[in-house]
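Undergrad: sharing a model that was predicted from the sequence below.
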Protein chains: 4
Amino acid sequence: MYSHASMTPTELQPAATAASSAAPTAGAGPIRVGIVGATGYVGGELIRLLAAHPAVELVGLTGRERRGDPVGDVHPHLATTELALESELDGEVDAVFLALPHGTAAQRVPELLARGITVIDQGPDFRLRDPADYPRWYGFEHPHPELLGRAVYGLPELHRVEHIAAGEARSSGTPALVGSPGCYPTATVLALAPLARAGLIADVVVDAKSGVSGAGREAKAEMLYAEVNESVRAYGVFSHRHTAEMEQELGLDGLDFLPHLIPMTRGILAACHVRPGRPVSQAELDALYAEAYADEPFVTVVDAPPATGHVLGSNHARVFVRTDERTGRILALGVIDNLVKGAAGQGVQAFNLVFGLAETAGLEALPLAP
Amino acid sequence: MYSHASMTPTELQPAATAASSAAPTAGAGPIRVGIVGATGYVGGELIRLLAAHPAVELVGLTGRERRGDPVGDVHPHLATTELALESELDGEVDAVFLALPHGTAAQRVPELLARGITVIDQGPDFRLRDPADYPRWYGFEHPHPELLGRAVYGLPELHRVEHIAAGEARSSGTPALVGSPGCYPTATVLALAPLARAGLIADVVVDAKSGVSGAGREAKAEMLYAEVNESVRAYGVFSHRHTAEMEQELGLDGLDFLPHLIPMTRGILAACHVRPGRPVSQAELDALYAEAYADEPFVTVVDAPPATGHVLGSNHARVFVRTDERTGRILALGVIDNLVKGAAGQGVQAFNLVFGLAETAGLEALPLAP
Amino acid sequence: MYSHASMTPTELQPAATAASSAAPTAGAGPIRVGIVGATGYVGGELIRLLAAHPAVELVGLTGRERRGDPVGDVHPHLATTELALESELDGEVDAVFLALPHGTAAQRVPELLARGITVIDQGPDFRLRDPADYPRWYGFEHPHPELLGRAVYGLPELHRVEHIAAGEARSSGTPALVGSPGCYPTATVLALAPLARAGLIADVVVDAKSGVSGAGREAKAEMLYAEVNESVRAYGVFSHRHTAEMEQELGLDGLDFLPHLIPMTRGILAACHVRPGRPVSQAELDALYAEAYADEPFVTVVDAPPATGHVLGSNHARVFVRTDERTGRILALGVIDNLVKGAAGQGVQAFNLVFGLAETAGLEALPLAP
Amino acid sequence: MYSHASMTPTELQPAATAASSAAPTAGAGPIRVGIVGATGYVGGELIRLLAAHPAVELVGLTGRERRGDPVGDVHPHLATTELALESELDGEVDAVFLALPHGTAAQRVPELLARGITVIDQGPDFRLRDPADYPRWYGFEHPHPELLGRAVYGLPELHRVEHIAAGEARSSGTPALVGSPGCYPTATVLALAPLARAGLIADVVVDAKSGVSGAGREAKAEMLYAEVNESVRAYGVFSHRHTAEMEQELGLDGLDFLPHLIPMTRGILAACHVRPGRPVSQAELDALYAEAYADEPFVTVVDAPPATGHVLGSNHARVFVRTDERTGRILALGVIDNLVKGAAGQGVQAFNLVFGLAETAGLEALPLAP
């Protein structure tokens, strides 16, 4: 029995239920959840996590032209779940996770909300607050800018209060809308948030390394094993879309972000090279980070540079911070599993908060190593 | 909520408790478990599985010269468990898992049994029933051959009845002794058992492929990343020790076994090339395998050649069988995660049976992919 | 300066030239060579080898819809060659290498031969002597069965005399046609040929492991890095097309061949499990293999199980053979780089023989390790 | 036949010979070369390159306790060279490559120079000009600081003139001493030198990624395949010794360097994030880099972010530079194979210059991909 000091026990019934609210989850049953876009890697992770979630019943998994196919045909590792895919969400659901290409979710969300369904969008369509950022970084005009203010940026470590507020509104009949963060912003913002809040970042370079599962499951020649193996390359030079999220959440302009693809499947390491606005001691940094993350169930501040392998397959993140007397710089490192804390797990964490469940419900798995 | 048709719900209290037995687990508390040899890869997997096991309290983890060190120093991925290592098992334990070099466990087990402690030995010292096999295959005389008959070969799919009997004896005060199978034999025996039982194997070649975690965590130059990566090689030609287990469990002589190291961390695939003693139809094979594994919670018979990636990080096994009209041969394939179903998970599965728990307790995790 | 005892010096001028033949290479200039299908992995290897070949001028590289593109756009590692692609072979060529899908080369070869151009076909269209094997294994009727008898199976270690004869005919004006072997047959046939010739194979299972570059460069989801990494699987169960070649070259029926994909880019290891028709001593095996390969520039008989990493990037092959007293079986192992000795390098080796060059010309590179 | 526009033909006789100098290479024979420390990865690469070098005879390979062992016992891929190891350099040599731990070469070099032997030191002992840098970064007092001024920093792209001068001195009887650069500095300095020379670097962060062969061949648990695979981590935070070389060669202080280990064997990518002292246009950058590298045989300026896989197994380097209007920053990328251009190949390139050979002699191999 593993109990993290800061974890509260998973409650099998949503807290909202106890409050006998009028929300969809009221009553004795599990929360009914659908996944739209269940055939990709994030979709597969959502199934893996939600099929084992103690408070959830998976009632609808959709994938294009996949009506009736067993999940095992698409995700062989999940064959024992004996679930099947559908072409459309059929039944009644309390919440839906969207794992769709950018621009697509924005069009579908209003109708889902109108039906009273809480939405966790794993894509970027509801992450940015400024509508102008969509044409600028993503190349499309947002069709429903009025929803951007309502959406919660789904990083509980920074926005837990908003998650809980959205959950309370949900209990009162207003479904919640969560824009689940991107993988790079998750690693980066967790690494830098204590510095950003303290106003210590005068200048920052974020140099990130990612496994290739972040590129998705679509067949692309450049993502073939033989192309990726034994090679590393930078991409998205000065233009990666996740830059917008990082700047928004850290309150910075002109952040320099460079991602790399490295030969591994999962994992992101963000190395954040900071020039502080004033001299900072290691003791001050240690205090800042300890205060920021002492009570977080999924973020651990570590004393040695963390490896992505230390969090593989889990919703855990690790951060590390050091200052250097010689150069006056600060280095902050963050590591996550891009498909869990950087995608599906983070979505489930937000879902838990919105439905009044223990934040760690369904996310208790320890990392897998070696 | 994931429920496999053949899985019974995990019971938080051991069945033995309900029977108010005199065994160590009687009473309200969890089962107290120790791990001797907790610093290697199998030790790490045991901690990962048992720290999250609903009926277990981990009360002693030992590793040489590691007294007081946090588990995270040795297994960084397990840092959040906040457990520590000891040099010796201090407290009272109901069961102990041994992850020790061959020959070492054989010397320690008698004293543990005498203290009433049930032993799950992850090494080979209690797998073989014929004492002569130890000098022949392992190069040492077994110091306690009288225990070999008492030990249960810990493959529940073949020896469930013996596990349960050992569990009943345990309830009556006689601690159990389980010799948990080797990784290659697990994949091979699961793939071939239905054929062997039906007397269909006239001749068999087992050609197996393994990730390198099976070689352990000791620093060896030949296991460096740069030596293993982008290369495959056979080893243990005509001499691998696991041959003895396979022959014992399948009731065969002269089995031809060849293992290979391939550039991956986890996973074993055993390709078993069988020449049957008489013509066999695919329908007969399908019926044999369906019957053998229909009710097994961890073994799935599949219709397409399984990949080790389909079971990564889980206690699941997959088997596949085909006959060929052209050559008259049969191919049986088995895949497992060598550190879970091939080691720690299998040990926990046997432990569950011996302590009257649901066989799947603590082993519910779905495989991780991609 | 590296000189292999069995290698003769590379002659910068083709032997044919010295004999002042009437063949296309007569005169002072280099041999003019084209590559049809230069954009795939085999095409890239052909460019890499032939661009550095001392007796060759690359005069035409074709790839669909690639007219005028620099080679570096398709093969970034070859950017410094400053070669360009064409949509059709424009100029006069003495020889052409075809790296085309099966069935395609068969249609193009007659016209090339009619133009007096020697053809090295890297595909399967001219490997099999029995026209009935094409519909049976490849699913198409061969359009030019009359050429099958004329084609030389391009494994110099078995067919050197025929290569030289084809080269002499070429000098007299009859262009040569080489069907360059498949990757699996190369590793397998080299490992087994001495046994086959000695009539020692009563029964054989060939269990082979390949890196994924053999699957080509086309975008397929199942070949994505995230799908291949950390996983091994068998494929082509009882149906792989290369079986036909192996049976033809070894003079065997009912050969049992099973290939596997493993997570690496290059390399094939064929493990050949033989039941001999009579008892054979290790000394007899050693003598057989020494005799077979003592003078071969690219085949080395080794004393320990060879790894594919020992031949990476080179035209070398290594074979190993052992017999087992306990079971009476023989194990023969063969390793190659599938893109060099298993494809482009082997094609160049045959080309060298046909053009009267040193067999090792352009193939002197030592393997790359680690 | 591959001819790079900027490459001059390899001359089989050293230029010095033509000048009929009194140097050791005078006369008709090849240059006699020894390798001290031939058993590690750099040693293996030196053998691979020098065994095939047209002007070199390898006359002495030393490795501890390896007297008489065939090279193939230590480097199986090089078994066909039929070379053997010795415990000491026996015969007369003209030049020796040292591949030794830091601090060791410094003690051996004076005696070698006294014997008239030119030394190419692959370690750090003769890279730094300021003796104070040795205790500061390497933790030892340099035993022969008087040699630091004499040593040439072996990066021909920056110090070709000094190489040639050292070669001329060698012809007159004064053996040369080359401190061959570190792997990270090679990638970094090539990427940044044009900016540094132009005085454009106000501030720079170098974030580098390396394959693990750079960590050497010694058995260390942290370099086991299972530890390195599927994980990335930073190391040497604010303290990596190569920082000193970079600052020296770029004329910078306070350079921020962070290296990472990624799961691959070979290759380094250095991402250099520059804040320029004044606004710079892309056109100015393009002109600077074109001018710097137009005539370099091994450095190519490319238009898309280069991958390490584009230079694998070769002495090539690729650099890329971009400026960003939004942030005003410059990104410069450099990629090399750490064991070739980052070690053995670079040493051979310097050796060629010092012995008056074509700079590309023995280094003509194109990169290997995929």
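TA: Received the coordinates, thanks.
Undergrad: which helix or strand contains the closest residue in space to residue A:353 that isn't next to it in sequence?
TA: What sits nearest to residue A:353 in space, not counting adjacent residues and going by C-beta to C-beta, 6 or more residues apart in numbering or on different chains, is residue A:163, at 3.9 Å. C-beta here means a position set from N, CA and C on the backbone, and glycine is covered the same way. Assigned by DSSP states H and E, residue A:163 belongs to helix A:156-171.
Undergrad: isn't the residue nearest to residue A:353 right up against residue A:153?
TA: No. Counting by C-beta atoms under 8 Å, residue A:163 does not reach residue A:153; the two are 9.5 Å apart.
Undergrad: for the residue of chain A most remote from its centre, give its distance to chain C.
TA: Relative to the C-alpha centroid of chain A, counting by C-alpha atoms, centre = their mean, residue A:326 is the outermost residue, at 36.0 Å. As judged by C-beta to the nearest C-beta, to the nearest Å, residue A:326 and chain C stand 34 Å apart.
Undergrad: could you report the neighbour count for residue A:158?
TA: By the criterion of other C-beta atoms under 10 Å in any protein chain shown, residue A:158 has 18 neighbours.
Undergrad: for stretch A:71-84, output the C-alpha coordinates as PDB.
TA: Extracted in PDB, the C-alpha atoms of stretch A:71-84 (Å, rounded to 0.1, in the frame of the first residue of the first chain):
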ATOM      1  CA  VAL A  71     -10.300  -1.400 -29.000                       C
ATOM      2  CA  GLY A  72      -7.700  -4.200 -29.300                       C
ATOM      3  CA  ASP A  73      -7.700  -3.800 -33.100                       C
ATOM      4  CA  VAL A  74      -6.400  -0.200 -32.700                       C
ATOM      5  CA  HIS A  75      -4.600  -0.500 -29.400                       C
ATOM      6  CA  PRO A  76      -3.500  -4.100 -29.100                       C
ATOM      7  CA  HIS A  77      -2.200  -3.500 -25.600                       C
ATOM      8  CA  LEU A  78      -5.700  -2.700 -24.500                       C
ATOM      9  CA  ALA A  79      -7.300  -5.800 -26.000                       C
ATOM     10  CA  THR A  80      -8.200  -7.200 -22.600                       C
ATOM     11  CA  THR A  81     -10.500  -4.300 -21.800                       C
ATOM     12  CA  GLU A  82     -13.000  -5.700 -24.200                       C
ATOM     13  CA  LEU A  83     -14.200  -2.200 -25.100                       C
ATOM     14  CA  ALA A  84     -15.300  -1.300 -28.700                       C
END
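Undergrad: close to chain B, is it?
TA: Yes. Using C-beta under 8 Å from any C-beta of the partner chain, we find that stretch A:71-84 touches chain B at A:75, A:76, A:77, A:78, A:79, A:80, A:81, A:82.
Undergrad: contacts for that stretch next, please.
TA: Judged by C-beta atoms under 8 Å, 6 or more residues apart in numbering or on different chains, the contacts made with stretch A:71-84 from elsewhere in the structure are A:38-39, A:44, A:47-48, A:51, A:58, A:61, A:63, A:66, A:68-70, A:85, B:2, B:4-5, B:300, B:302, B:306-307, B:309-312, B:314, B:316, B:366-369.
Undergrad: same check, this time on stretch A:123-131
TA: Contacts of stretch A:123-131 from elsewhere in the structure, counted by C-beta under 8 Å, 6+ apart, are A:98-106, A:109, A:134, A:137-138, A:141-142, A:145, A:147-149, A:151, A:153, A:177-182, A:241, A:244-245, A:248.
Undergrad: separate out the buried members of those residues.
TA: A residue is treated as buried here by neighbour count (16 or more other C-beta atoms under 10 Å in any protein chain shown); on that basis the buried members of the contacts of stretch A:123-131 are A:98-100, A:102-103, A:105-106, A:109, A:134, A:137-138, A:142, A:147-148, A:151, A:153, A:177-182, A:241, A:244-245, A:248.
Undergrad: which ones among those residues are found in strands?
TA: With strands identified by DSSP state E, the entries of the buried ones among the contacts of stretch A:123-131 that belong to them are A:98, A:153, A:177, A:178, A:179.
Undergrad: now these as a markdown table including pLDDT and distance to chain D?
TA: Output for those, formatted as a markdown table (pLDDT from 0 to 100; distance: C-beta to the nearest C-beta, whole Å):
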| residue | pLDDT | distance to chain D |
| --- | --- | --- |
| A:98 | 98 | 28 |
| A:153 | 98 | 23 |
| A:177 | 98 | 30 |
| A:178 | 98 | 29 |
| A:179 | 98 | 23 |
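Undergrad: now the two most distant members of these.
TA: Across those, the longest distance by C-beta to C-beta is 15.5 Å; it joins A:98 and A:153.
Undergrad: if we can go back for a sec, can I assume the residue farthest from the centre of chain A is in contact with residue D:255?
TA: No. Using C-beta under 8 Å, residue A:326 and residue D:255 do not qualify as a contacting pair, with a distance of 9.8 Å.
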